[in-house]
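K.L.:
Sharing a sequence plus its predicted fold:
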Amino acid sequence: MRLKKFIHRVQRDLDYYLKEHQNKTNRILHYFAFMSAFMAWLFLFYSLKATLILAMLHYLLSWIGHFYFEGNKPASFRYPLIGFYSGFTWFFIKTIEIATGKEILNKWLNEKRED
């Protein structure tokens, strides 16, 4: 039962995240922003300079997407944890979708809406 509640929570948070990121250009910028953030984590113990540059690139791309294309404030300003984990969850699911050519996220979120 706890797992089901957890899954519903993740689905709800991802649904919120996607509603805050509806502009296509903003989503593209966020994809590369989270790729930069992921790479920053990988470089964390190798090069602090690369980690900082990649982290700054993450925020630059995200904020340009929000302030210029989406016209709203980043979700992480209001809900930092949701913005962090939902963004990474979305990034990894999107990467799997790109690699496999299969739609995963919308199907999964639609299951939540049917419950």
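P.N.:
Structure received. Residues are numbered from 1 along each chain as shown.
K.L.:
Just the helices from the chain, written as ranges.
P.N.:
2-19, 24-43, 48-64, 75-78, 80-100, 105-114 (DSSP state H).
K.L.:
residue closest to the middle of this structure?
P.N.:
Centroid-nearest residue in the chain, with CA atoms, centre = their mean: residue 87, separated by 1.8 Å.
K.L.:
how close does the residue nearest to that one when sequence neighbours are not counted sit to residue 91?
P.N.:
The spatially closest residue to residue 87, leaving aside those adjacent along the chain, is residue 34, at 5.5 Å (CB to CB, 6 or more residues apart in numbering). (Each C-beta comes from the backbone N, C-alpha and C, glycine too.) Separation of residue 34 from residue 91 (CB to CB, to the nearest Å): 4 Å.
K.L.:
what does residue 77 give?
P.N.:
Between residue 77 and residue 91 the distance is 19 Å, computed by CB to CB.
K.L.:
higher neighbour count, these two?
P.N.:
residue 91 (18 against 11; other CB atoms under 10 Å).
K.L.:
so who does the more buried one touch?
P.N.:
30-31, 34-35, 38 (CB atoms under 8 Å, 6 or more residues apart in numbering).
K.L.:
which of these tops the neighbour count?
P.N.:
With neighbours set by other CB under 10 Å, the maximum within the contacts of residue 91 is found at residue 30, which has 24 neighbours.
K.L.:
wait, it sits on residue 64?
P.N.:
No. Residue 30 is not in contact with residue 64 according to CB atoms under 8 Å; the separation is 10.0 Å.
K.L.:
from what I can see the residue nearest to residue 87 touches residue 86, true?
P.N.:
No. Using CB under 8 Å, residue 34 is not in contact with residue 86, being 10.4 Å away.
K.L.:
remind me which residues of the chain are low pLDDT?
P.N.:
For the chain, the stretches with pLDDT under 70 are 1, 111-115.
K.L.:
and residue 95, how many neighbours does it have?
P.N.:
Neighbours of residue 95 using other CB under 10 Å come to 14.
K.L.:
ok, it to residue 80 distance?
P.N.:
23 Å.
K.L.:
now residue 43
P.N.:
Distance of residue 43 to residue 80, computed by CB to CB: 22 Å.
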